[in-house]
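[1] Output the structure for:
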Amino acid sequence: MPIEYIKKAAKTSATGEDNTRDIVTKMLKEIEAGGEEKALEYAKQLDGWEGGNPVMTREQIEAAKAKVSQQAKDDIKFAYDRVSKFAQHQRDSMVEFETELSPGLFAGQKLIPMTTAGCYVPGGRYAHIASAIMSVATAKVAGVENVVACSVPHGEGIHPAIVYAMDLAGADTILQMGGVQGIAAMAFGLFTEKPADILVGPGNRFVAEAKRLLFGRVGIDLFAGPTEIAIIADETADPEIVASDLAGQAEHGPDSPAWLFTESRELAEKVIEIMPKHIDSLPQVQREAATAAWRDYGEVILCDTREEVAQISDQYAGEHLEVQAKDLDWWLGRLKNYGSLFVGEEATVSFGDKCSGTNHILPTKGAGRYTGGLSAAKFIKVVTYQRQTREATREVGAACARIARAEGMEGHARAGDIRLAKYFPDETFDLGELR
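    Take a look at the predicted model:
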């Protein structure tokens, strides 16, 4: 049978994109033209920042860290250890090599970390402590020389626990500036004189759009918008856990999609029934965000077979994908498109978001079809080189000349001709026909 929407979203990830693009385009142009003064103007207007130079001094960093409880420091260290360990394994899985493709022709691969990374850490509705670890620690493990981390200041500055996490993870510069102005400051090298080679980190739709517009001028981790959760669940799943996980991710914001894909009508209807209970039990700010997210972006899709479920899941390419179903190995082997996969009831998005080790900076809006999440590899350029003996030029030079002439690119052909004439003056070669 065709799939059935037990609950259909009223809005999509494209809702409001045009207005966001116009606002961000204007801000980026003004900040690039006006420099630090314009960035500070926006910081004052949008965040109430009146602290002058937004770069934190070592004294300011230590003062902020002193406000963090020992338990919080221990928990941040717990997350840091696991995230950095996983990133190190990612880094170790990448290798440099050189191989001889044919006699005398050598080609190699080098891994070169980027020089400067700009790491955005959200600090608006919530203090995203874990995001500081996810971006900064991963960049430092990858070997990035300069890491500039920024976040929204409130009152006297950035949330102390975010500062602690940034410093623990190895940030070289901490910038008290959020939103589009924070992204622009890192991209243009304002206040640091170190323009970012890559911008990473999650953020609201304005931050995401700023990164998208700057892509090409700088690298970015991925195209990411409001967070998403998708859950695959069958009749064996616990509807209370399913609903709790959906509500927990919906609290991110009023535009955070939450999707359930299932073969079980009974489970689908039960989850819909109990979602209000799980949402209403949240504190006010979280409750308001989750209520709007579930109302406008929540979907429950009923499928006939698990293969249909897998196809729908791959079509949505959810940022976070949980599987609470029988035969977990089948799902692990079958599913193709997602940001990060959480296999089994025991593995929840919340654990990955905070401290279990995998990175929580992940693709949204279907980008999971062509990219994974943030990893050590994102900060490393995989570049190639080649070298060869003069003897190898005998084959390579002649083949190059013939291919180039077949393409009509005489200048390329002559780069081979001149070397063959120099290295083998007494020999004749078939160099193709001049067109």
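[2] looking at this, K381 is in a strand?
    Yes. Assigned with DSSP: H, G, I helix; E, B strand; the rest coil, K381 falls within a strand.
[3] Would you agree it is in contact with Q109?
    No. When contacts are counted by C-beta atoms under 8 Å, K381 is not listed as touching Q109 (10.6 Å). C-beta: built from backbone N, CA, C; applies to glycine.
[4] quick one: low-confidence parts of the protein?
    Scanning the chain for pLDDT under 70 picks out the ranges 1, 13-16, 435.
[5] so what's the backbone phi/psi at the residue nearest to I174 when sequence neighbours are not counted?
    In this structure, I174 finds its nearest non-sequential neighbour in M56, 4.3 Å apart by C-beta to C-beta, 6 or more residues apart in numbering. Dihedral pair for M56: phi -70, psi 140, per degrees, to the nearest 10.
[6] how close does M56 sit to A184?
    Separation of M56 from A184 (C-beta to C-beta, to the nearest Å): 18 Å.
[7] quick one: which of those two has more around it?
    A direct count of neighbours by other C-beta atoms under 10 Å for M56 and A184 places A184 higher, at 27 against 24.
[8] now the strands for the stretch 151-300 of the chain?
    Using DSSP state E, counting those that start in this stretch, the strands of the stretch 151-300 of the chain run over 173-176, 198-200, 219-220, 229-233, 258-262, 298-302.
[9] so which of the ones you listed comes closest to C119?
    Closest approach to C119 among the strands of the stretch 151-300 of the chain (C-beta to C-beta): strand 198-200, 5.6 Å.
[10] So which elements touch the closest one?
    Applying 3 or more C-beta pairs under 8 Å, 6 or more residues apart in numbering; DSSP states H and E, we find strand 198-200 packed against strand 116-121, helix 179-188, strand 219-220.
[11] Walk me through the domains of this protein.
    Under the assignment automatic domain parsing, the domains of the chain span 17-221+377-382, 226-372, 389-423.
[12] Among these, which comes closest to Y5?
    Taking C-beta to C-beta, domain 226-372 is the member of the domains of the chain nearest to Y5, at 5.9 Å.
[13] pretty sure Q386 is touching K110, no?
    No. Q386 lies out of contact with K110 (C-beta under 8 Å); the separation is 11.5 Å.
[14] burial count for the nearest residue to F86 once chain neighbours are set aside?
    Nearest residue to F86, sequence neighbours excluded (C-beta to C-beta, 6+ apart): G357, at 4.2 Å. Residues contacting G357 under the criterion other C-beta under 10 Å number 15.
[15] was I right about G357 contacting V83?
    Yes. With contact defined as C-beta under 8 Å, G357 reaches V83; the gap is 5.8 Å.
[16] packing partners for whichever helix in the chain runs longest?
    When the chain is parsed with DSSP state H, its longest helix is helix 17-47. Secondary-structure packing of helix 17-47 (3+ C-beta pairs under 8 Å, 6+ apart): helix 179-188, helix 205-214.
[17] Taking helix 17-47 as reference, get the angle to the last one.
    Orientation check (axes from the mean of the first three to the mean of the last three C-alpha atoms, to 10 degrees): helix 205-214 against helix 17-47 gives 110 degrees.
[18] Helix 205-214 packs against which elements?
    helix 17-47, helix 179-188, strand 219-220.
[19] from the middle of its chain, how far away would the first one be?
    A distance of 23 Å separates the centroid of the chain from that of helix 17-47, by C-alpha atoms, centre = their mean, to the nearest Å.
[20] Quick check: what element follows that helix along the chain?
    As assigned by DSSP states H and E, the chain's next helix or strand after helix 17-47 is helix 58-65.
[21] That next one: which residues count as buried?
    If you call a residue buried by 16 or more other C-beta atoms under 10 Å, then helix 58-65 has these buried ones: 60-61, 64-65.
[22] Just put those in JSON lines and tack on distance to K26.
    JSON lines is the format used below for the buried residues of helix 58-65 (distance: C-beta to C-beta, whole Å):
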{"residue": "Q60", "distance to K26": "32"}
{"residue": "I61", "distance to K26": "33"}
{"residue": "A64", "distance to K26": "33"}
{"residue": "K65", "distance to K26": "37"}
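[23] Between these, which sits nearest A376?
    Of all those, A376 sits closest to I61, with 25.1 Å by C-beta to C-beta.
[24] Which residues are in contact with that closest one?
    Neighbouring residues of I61 by C-beta atoms under 8 Å, 6 or more residues apart in numbering: 163, 167, 174.
[25] okay, now T305: neighbour count?
    Considering only other C-beta under 10 Å, T305 is surrounded by 10 other residues.
[26] What residues does it make contact with?
    Contacts for T305 (C-beta under 8 Å, 6+ apart) come out as E263.
[27] next one: D426
    Residues near D426 by C-beta under 8 Å, 6+ apart: none.
[28] how close does it sit to P254?
    For D426, the distance to P254 (C-beta to C-beta) stands at 78 Å.
[29] And for L260?
    In terms of C-beta to C-beta, L260 sits 19 Å off from P254.
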